[in-house]
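Asks: Kindly return the folded structure for what I paste below:
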Amino acid sequence: MDEETLYELHAHVFGEDRYWGAMPFDRVEYMQRYLASVFELPITAITIVRAN
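Replies: Predicted coordinates for the structure are as follows:
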């Protein structure tokens with residue numbers, strides 16, 4: 001059985017490390033842009049890391 005590769009988002013927000021995930025890559029790209037706009041961060045401040 002093929003397991004889909006999942007990814008998480010990581011950012012340092014409000015003095016804490018925050019993680020969001022695990023989700024497919026196309027979804028994580030969208031969430032990265034969304035979270036950057038919500039937290040008023042540059043998109044590069046939210047990193048994509050492999051979850052599995």
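
Asks: CA atoms for contacts and neighbours, from now on please.
Replies: Will do.

Asks: Now do the helices in this structure.
Replies: Ranges of helices in the chain, per DSSP state H, are 25-38.

Asks: quick one: low-confidence ranges for it?
Replies: By pLDDT under 70, the low-scoring segments of the chain are 1-2.

Asks: Quick test: name the residue nearest the centre of it.
Replies: The chain has residue 9 as the residue nearest its centroid, 1.9 Å off, counting by Cα atoms, centre = their mean.

Asks: Next one: it from residue 22, what distance?
Replies: 8 Å (Cα to Cα, to the nearest Å).

Asks: before we move on, what about residue 30?
Replies: Taking Cα to Cα, one finds residue 30 at 13 Å from residue 22.

Asks: More neighbours: which of the two?
Replies: When residue 30 and residue 22 are compared for neighbours, residue 22 comes out ahead with 17 against 10, by other Cα atoms under 10 Å.

Asks: My read is that that one contacts residue 6, right?
Replies: Yes: shown here, residue 22 and residue 6 form a contact pair, counting by Cα atoms under 8 Å, at 5.5 Å.

Asks: Which residue, neighbours along the chain excluded, lies closest to residue 45?
Replies: Among residues not flanking residue 45 along the chain, residue 11 sits closest, at 6.3 Å (Cα to Cα, 6 or more residues apart in numbering).
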